[in-house]
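Visitor: make a model of this:
(one chain, ligands or ions: 1)
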Amino acid sequence: MSSDQAPPALPAVILYNPKFGHNVGGALRTCSSFRVPTLLWTGKRVTLDVASGQRLPREERMKGYRDVDMRRHDAPFDLLPPGVVPVAVEVRPNAERLFDFEHPESAAYVFGPEDGSLPSWVLRHCHRFVVIPGAHCLNLSSAVLAVLYDRALKRYRDGLADVVLPGEFEGRGPEENTDVFVGVSSGSMGKIRRT
Ligand SMILES: C[S@@+](CC[C@H](N)C(=O)[O-])C[C@H]1O[C@@H](n2cnc3c(N)ncnc32)[C@H](O)[C@@H]1O
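Guide: Numbers count the residues shown, from 1 in each chain. Below you'll find the predicted structure:
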């Protein structure tokens, strides 16, 4: 089995036919930050083929985020291991509201493209449907962030995960150099003083 066909680790994010590399880059960064090990995307609009000039935005390239298995694959549902719960994240009637949503442990979150929505064949693969409350649709990478942040928050609430702080994880420096954001060294971010 080639690594392209290997079953992905869960939870996973699947982007259906994204249009812009910067949104794939943003999703990658969010996955890495919230310890989501897999990012799959479909379609030919983002190939990240360096030879043809496609690449991740510089910031994402520099960081690497090598802890995320990132693959373009046109049949991502065929790769998913048994027991996974595909969750369509889309503005649809009768979708569960994210605020009330209890995340399946083995979820694969599926997002639509910037210039469309999830087609019916993709929705047919999904077992749960969730909408992010708000007055407007979010940008694709912001939608990924909202869902993975909500998952992280609820896992913390339920005692399933510890807090991970960027300063500690990245080893940015001792805590006495920090201000408001514990673990973020004052040398690497502007200071915001506690009032
Ligand atoms: C920018 S939206 C696509 C545009 C959208 N179909 C529209 O009518 O303007 C890209 C994707 O982000 C996700 N998304 C954005 N806002 C959302 C929301 N409030 N609830 C659920 N999904 C959302 C969906 O997966 C959507 O397909």
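
Visitor: just the helices in this protein please.
Guide: Counting by DSSP state H, the chain has these helices, from start to end: 21-33, 58-63, 76-79, 120-125, 140-157, 166-170.

Visitor: what's the nearest residue to residue 71 if we skip its chain neighbours?
Guide: In this structure, residue 71 finds its nearest non-sequential neighbour in residue 40, 5.4 Å apart by CB to CB, 6 or more residues apart in numbering. (Each C-beta comes from the backbone N, C-alpha and C, glycine too.)

Visitor: state the pLDDT value of the one you found.
Guide: As predicted, residue 40 sits at a pLDDT of 97.

Visitor: okay, now it: neighbour count?
Guide: 23 (other CB atoms under 10 Å).

Visitor: just to revisit the earlier point, can you say which of the helices of the chain is packed in most?
Guide: helix 21-33 (a mean of 22; mean count of other CB atoms under 10 Å).

Visitor: residues in contact with that helix?
Guide: 13, 15, 18, 36-39, 41, 46, 48, 54-57, 59-60, 63, 65, 67-68, 70, 111, 114, 139-142, 144-145, 148, 166 (CB atoms under 8 Å, 6 or more residues apart in numbering).

Visitor: one more time with 7 Å
Guide: 13, 15, 18, 39, 41, 46, 48, 54, 56-57, 60, 65, 67-68, 70, 114, 140-141, 144-145, 148 (CB atoms under 7 Å, 6 or more residues apart in numbering).

Visitor: restrict those to contacts with the ligand.
Guide: 114, 140 (CB under 6 Å from any ligand atom).

Visitor: just the buried ones from the contacts of helix 21-33, in ChimeraX syntax?
Guide: Those of those that count as buried under 16 or more other CB atoms under 10 Å are selected in ChimeraX with:
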select :13,15,18,39,41,46,56,57,60,65,68,70,114,140,141,144,145,148
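
Visitor: give me the nearest residue to whichever residue of the chain sits closest to the ligand, chain neighbours excluded.
Guide: The nearest approach of the chain to the ligand comes at residue 112, 2.3 Å away (CB to the nearest ligand atom). Leaving aside its sequence neighbours, residue 112 sits nearest to residue 118 (CB to CB, 6+ apart; 4.3 Å).

Visitor: then residue 73?
Guide: residue 40 is the one closest to residue 73 (CB to CB, 6+ apart), at 5.4 Å.

Visitor: hmm, the one you found is touching residue 77, no?
Guide: No: Residue 40 is not in contact with residue 77 according to CB atoms under 7 Å; the separation is 9.6 Å.

Visitor: just the CA atoms of the helix or strand bottoming out on mean pLDDT in the chain, as PDB, please.
Guide: Ranked by mean pLDDT, DSSP states H and E, the weakest helix or strand in the chain is helix 58-63, scoring a mean of 74. The C-alpha atoms that make up helix 58-63 are tabulated as PDB, following Å, rounded to 0.1, in the frame of the first residue of the first chain:
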ATOM      1  CA  ARG A  58       5.500  31.500   3.200                       C
ATOM      2  CA  GLU A  59       4.600  31.400   6.900                       C
ATOM      3  CA  GLU A  60       3.200  27.900   6.700                       C
ATOM      4  CA  ARG A  61       6.100  26.800   4.600                       C
ATOM      5  CA  MET A  62       8.600  28.100   7.100                       C
ATOM      6  CA  LYS A  63       6.900  26.400  10.000                       C
END
